[in-house]
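In: Okay, sequence plus prediction incoming.
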2 protein chains.
Amino acid sequence: MTIHDVAAAAGVSISTASKALNNTGRMGAETRERVKRIAGEIGFRPNALARGLLSKRSFTIGLLTNDTYGRFTLPVMAGISEALVDHGVSVFLCAIEDDPALGQIHVDAMLDKQVDGIIASGKRLDRRLPVDLSSLPVPVVYAFTEGSENSVTLRSDDAQGARLAVEWLAKLGRRRIAHITGPEDFFSVRERASAYREVAGDVEPVLYGIWAESWGHEAVGAIWDRPGEKPDAVFCGNDQIARGVVDALRERGVRVPEDVSVVGFDNWEILAAQTRPPLTSIDMGLKELGREAGLTVLALAEGRPVEPGVRKLPCRLVVRQSCGGMSPTE
Amino acid sequence: MTIHDVAAAAGVSISTASKALNNTGRMGAETRERVKRIAGEIGFRPNALARGLLSKRSFTIGLLTNDTYGRFTLPVMAGISEALVDHGVSVFLCAIEDDPALGQIHVDAMLDKQVDGIIASGKRLDRRLPVDLSSLPVPVVYAFTEGSENSVTLRSDDAQGARLAVEWLAKLGRRRIAHITGPEDFFSVRERASAYREVAGDVEPVLYGIWAESWGHEAVGAIWDRPGEKPDAVFCGNDQIARGVVDALRERGVRVPEDVSVVGFDNWEILAAQTRPPLTSIDMGLKELGREAGLTVLALAEGRPVEPGVRKLPCRLVVRQSCGGMSPTE
DNA sequence: CTGAAAGCGCTTACAG
DNA sequence: CTGAAAGCGCTTACAG
């Protein structure tokens, strides 16, 4: 089923057939309709390869990621796909672990296939992918990973997210808010911690550790075993830590949210919803981030101008039950 | 940079250049080498679109999935990608939720782009994707989802996995093994339960519920609150349930693994490893399943014969600490 | 051993 | 208003 078949069936030339189907050129409305109808009847679908060869557009982009676990990449991917499917653009997913050779192979494969652009994504804002994308013949957008010079980079606004969490706790009347978080060498950890400090003051400590439930447990032990006043709230660096904190508090007979409010970060549905009580958490809006990344790489591919630099997208608070309080009333 | 540039730079015709680069035709070894060297020097990369137009192979396949959460699809995807990258094949990821219209859009987009084949994947063995793939012009392989008549379908061997779990418990000396699992309308639930029955006998009950920690909790309550002898082991339908079971037992002062051994299913790393104690679990080998699916669709695309029907891939036991015992000595 | 020509399926100036 | 021709970048019979 090629355009030749359509042309033959409609009794016109292939140029006319092409123009009819693409709504270009000028011809009798009746002719155009007839060609379209016949194309539909014989099930003609234009070959995107042939079309791409001419137009220099493949309607294809590549998503490169080293987040094999997919916790971050998957929502990003969903957003990209959702935004681009309407434009007829399909997405190659390339999981490259942290292997530079594998990364290069995938980049080469994508370039061979004439992708219109590449989105680089990762699991950490302050690390680069193990492959250099800075001088490719196609546009590159960085989403949730460190970008190269003068590139377009999209990331979540972790400071604003942290503020959102702590302000919510303050609004609920909490005054002694502790912060239990991940490793200090993470940029996002430092950014969240300093936003926390601004809002919460320094009545309670920041405890740096690892991204694990066990660390949440341990930190609660350290805080609650020391003498003196205890926190009435804990802002956690992610949901895993928050889960550990909630479980540890329950085991000590401290009631959540009556005695202590807990906020997580990531809004990792499966974890946040299964915790008892379900976690109030900060959502980084990764799907929205993916959507923006998709639209941005598309704009670049079409030659529309895009301001380079880092663009921060807002986080939002998702209220469940670990803080008490109703859903946020502005 | 096209083959014209290579030909010009090497002082040969484009036919000769093409043949030199593809190791076809006959020519002086010296000419061939020179062309190759020059191609490398000017950074020539053949346009896969043009190549695909001739060869009728795009070196592209599509992965269709309704598992937006990605728990199952992601390992499958990793396996597919890993198997195919060596063959120069790239993968379109199409997340279609459960939306038939969206599914059709993605299928059409893939066909337009001349994919060499499609792999359909899901989150449930006994459900079909919301789109009919049974009479496409390209080969289709089903992985971890119900396939159509006479298709090639790959799935995990849940009965064998369940047997592995229960036999492991028996080997550790457990005699009263309960089974707490998901909804009975899941095919895999029934298959696991009946394999469990065969090995464990009927001293303890099968409790059907939902795929949630809360159900694990609740089921432990039901069992331990009734009078009479208690189980000395629990085989759980998935890791979430197992986590609920382990937590509930701990809260009752029942020691895991000293008093009761617990086995999960799925080997969902992030959950299994964070449970205290870490969960021994059954791994469905989804990455291997993806690898097989990739190689199978490739074989089909190349016209090699593939036996239709359902192929079950073996599960394996991953030993952590929730059962006691050493790593399986086989 | 090497090159001119035809062609993959399509689009787009350009004639008529 | 419609069609013949050239061409996107490549490969592959077929001549020479």
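Out: Thanks, I have the structure now.

In: domain ranges for chain A?
Out: Taking automatic domain parsing as the reference, chain A has its domains at A:3-46, A:56-156+A:286-313, A:158-284.

In: got the end-to-end distance for the shortest one?
Out: For domain A:3-46, the separation between the terminal residues is 7 Å (C-alpha to C-alpha, to the nearest Å).

In: can you tell if it touches chain B?
Out: Yes - under the criterion of C-beta under 8 Å from any C-beta of the partner chain, chain B is reached by domain A:3-46 at A:45-46. (Each C-beta comes from the backbone N, C-alpha and C, glycine too.)

In: Then the last one?
Out: Yes - when contact is scored as C-beta under 8 Å from any C-beta, part of domain A:158-284 falls within range of chain B: A:212-214, A:240, A:247, A:269-270, A:274, A:276.

In: now, the most widely separated pair of those?
Out: The largest separation in these, counting by C-beta to C-beta, is between A:Ser214 and A:Glu269 at 21.7 Å.

In: rewinding a little: now distance to B:Val254, mean neighbour count and mean pLDDT too, for the domains of chain A, in TSV please.
Out: Below are those laid out as TSV (distance: least, C-beta to C-beta, whole Å; neighbours: other C-beta atoms under 10 Å in any protein chain shown; pLDDT from 0 to 100):
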stretch	distance to B:Val254	mean neighbour count	mean pLDDT
domain A:3-46	62	15	91
domain A:56-156+A:286-313	32	20	94
domain A:158-284	15	20	96
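
In: so where do the helices sit in chain A?
Out: Counting by DSSP state H, chain A has helices at residues A:3-10, A:14-22, A:29-41, A:48-55, A:73-85, A:100-112, A:158-171, A:187-200, A:213-225, A:239-251, A:269-274, A:286-301.

In: anything in the first one near DNA strand D?
Out: Spelled out, that is helix A:3-10. No - Helix A:3-10 stays clear of DNA strand D (C-beta under 7 Å from any atom of the strand), getting no nearer than 7.7 Å.

In: Which strands or helices does that helix pack on?
Out: helix A:14-22, helix A:29-41 (3 or more C-beta pairs under 8 Å, 6 or more residues apart in numbering or on different chains; DSSP states H and E).

In: one step back: which among the helices of chain A is found nearest to B:Asp202?
Out: It's helix A:269-274; of the helices of chain A, that one is closest to B:Asp202 (C-beta to C-beta) at 30.8 Å.

In: What are the contacting residues of the closest one?
Out: Here helix A:269-274 makes contact (C-beta atoms under 8 Å, 6 or more residues apart in numbering or on different chains) with A:239-240, A:242-243, A:264, A:266, A:278-279, A:281, A:318, A:320, B:69, B:212-214, B:240.

In: near DNA strand D too, which of those residues?
Out: Answer for the contacts of helix A:269-274 near DNA strand D: none qualify (C-beta under 7 Å from any atom of the strand).

In: Out of those residues, which is nearest to DNA strand D?
Out: B:Tyr69 (40.3 Å; C-beta to the nearest atom of the strand).

In: thinking in terms of the whole chain, how far from its middle is stretch A:145-165?
Out: Centroid separation for stretch A:145-165 versus its chain: 11 Å, with C-alpha atoms, centre = their mean, to the nearest Å.

In: no wait, stretch A:264-282
Out: In terms of C-alpha atoms, centre = their mean, the gap separating the centre of stretch A:264-282 from the centre of its chain is 18 Å.

In: circling back: turn the domains of chain A into CSV, including distance to B:Trp224.
Out: Shown next, in CSV, are the domains of chain A (distance: least, C-beta to C-beta, whole Å):
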stretch, distance to B:Trp224
domain A:3-46, 61
domain A:56-156+A:286-313, 34
domain A:158-284, 18
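
In: Indicate which one of these is closest to B:Lys171.
Out: Nearest of the domains of chain A to B:Lys171, taken as C-beta to C-beta: domain A:158-284 at 29.3 Å.

In: Span of the closest one from start to end?
Out: Domain A:158-284 end-to-end distance (C-alpha to C-alpha) = 8 Å.

In: quick one on the thing from earlier: and the helices and strands packed on helix A:3-10: which comes nearest DNA strand D?
Out: With respect to DNA strand D, and counting by C-beta to the nearest atom of the strand, the nearest of those is helix A:14-22 at 3.0 Å.

In: which bits of the stretch 1-150 of chain A sit near chain B?
Out: Counting by C-beta under 8 Å from any C-beta, the residues of the stretch 1-150 of chain A close to chain B are A:45-50, A:52-53, A:58-60, A:62-63, A:68-70, A:74, A:77-78, A:81, A:85, A:88, A:90-95, A:102, A:105-106, A:108-114.

In: Which members of the residues you listed additionally contact DNA strand C?
Out: Among those, proximity to DNA strand C is found for A:45-47, A:50, A:53 (C-beta under 7 Å from any atom of the strand).
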